[in-house]
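Chemist: Here is a sequence with its predicted model. Questions after.
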Amino acid sequence: GENVEQHPSTLSVQEGDSAVIKCTYSDSASNYFPWYKQELGKRPQLIIDIRSNVGEKKDQRIAVTLNKTAKHFSLHITETQPEDSAVYFCAASRNSGNTPLVFGKGTRLSVIA
Amino acid sequence: EAQVTQNPRYLITVTGKKLTVTCSQNMNHEYMSWYRQDPGLGLRQIYYSMNVEVTDKGDVPEGYKVSRKEKRNFPLILESPSPNQTSLYFCASSLYGFGGTGELFFGEGSRLTVL
């Protein structure tokens, strides 16, 4: 089955700097890669996703890149703000059969004002 | 309001005392799933359901049962809870039957402590 590795497990950045979180996956048939943000004491919520037919997707200060050959994808947050502090989870799955979403172990991002 | 509702939100129980955590969604989603979240281990899937009467094991199903008799409900049953099941539990649902290629909507979580 799919295995998703996520790095780093913790990340501290100064406000205004950029943050990058990286994930690798094992199943070459995976074609859907979402990112979830979990603020302290809250539920995870989808912030951005990418499908295998594109290499990059942006939404304001957040972008995700995908390298299918290398089987890795990354989350980029620019101009970080204190409200970006949270745990971020990457995930991967394929759109076929009974193949549920597999999550990475998460990255705790702290943005220091 | 579209939502996934879990109950109870907090529960302290003792070893061996059967309990059920309910999960209900009002979005007519086909796919529902249970996760447990433990420090350093991320979100691990317990069971999932592609549709009514269709359930399957996730990564950590031992000690848990589920049922999907109605589309909106997906209860998690701990027949004989043990301390290693102390965790934060999330129910989630998604529109698509495949589950993996649509946004997952999470409930608010249920924090369970087994003494």
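Modeler: Everything's here; your move.
Chemist: So which bits of chain B are right by chain A?
Modeler: Proximity of chain B to chain A is confined to B:33, B:35, B:40-45, B:48, B:50, B:56, B:58, B:90, B:98-101, B:103-104, B:106-109 under the rule C-beta under 8 Å from any C-beta of the partner chain. In short, each C-beta sits where N, CA and C put it, glycine included.
Chemist: rerun that using 10 Å as the cut-off
Modeler: Counting by C-beta under 10 Å from any C-beta of the partner chain, chain B comes close to chain A at B:4, B:6, B:31, B:33, B:35, B:37, B:39-45, B:47-48, B:50, B:54, B:56, B:58-59, B:90-92, B:94, B:96-109.
Chemist: Just the buried ones from those?
Modeler: With burial judged by 16 or more other C-beta atoms under 10 Å in any protein chain shown, the buried subset of those is B:4, B:6, B:31, B:33, B:35, B:37, B:42-45, B:47-48, B:50, B:58, B:90-92, B:94, B:98-102, B:104-107, B:109.
Chemist: Looking at the residues you listed, which are in strands?
Modeler: Assigned to strands by DSSP state E, the following of those qualify: B:4, B:6, B:31, B:33, B:35, B:37, B:42-45, B:47-48, B:50, B:90-92, B:94, B:105-106.
Chemist: Any regions of the chain where pLDDT drops low?
Modeler: You didn't pick a chain, so chain A it is. A:95-98 (pLDDT under 70).
Chemist: try again with chain B
Modeler: Low-confidence segments of chain B, defined by pLDDT under 70: B:97-101.
Chemist: In chain B, which residue is most central in space?
Modeler: residue B:34 (2.8 Å; C-alpha atoms, centre = their mean).
Chemist: for residue A:42, what are its contacts?
Modeler: Contacts for residue A:42 (C-beta atoms under 10 Å, 6 or more residues apart in numbering or on different chains) come out as A:86-87, B:106, B:108-109.
Chemist: Identify the residues contacting the residue nearest to residue A:68 when sequence neighbours are not counted.
Modeler: Leaving aside its sequence neighbours, residue A:68 sits nearest to residue A:52 (C-beta to C-beta, 6 or more residues apart in numbering or on different chains; 5.8 Å). By C-beta under 10 Å, 6+ apart, the contact set of residue A:52 is A:28-33, A:66, A:68, A:73, A:94-95.
Chemist: what do you get for residue B:42?
Modeler: Contacts of residue B:42 (C-beta under 10 Å, 6+ apart): A:4, A:6, A:9, A:87, A:89-91, A:102-107, B:35-36.
Chemist: quick one: which of those residues sit in strands?
Modeler: Per DSSP E, the subset of those in strands is A:4, A:6, A:87, A:89-91, A:102-103, A:107, B:35-36.
Chemist: tell me which of these is nearest to residue B:20?
Modeler: Each of the ones in strands among the contacts of residue B:42 was checked against residue B:20 using C-beta to C-beta; the closest is residue B:36, at 15.4 Å.
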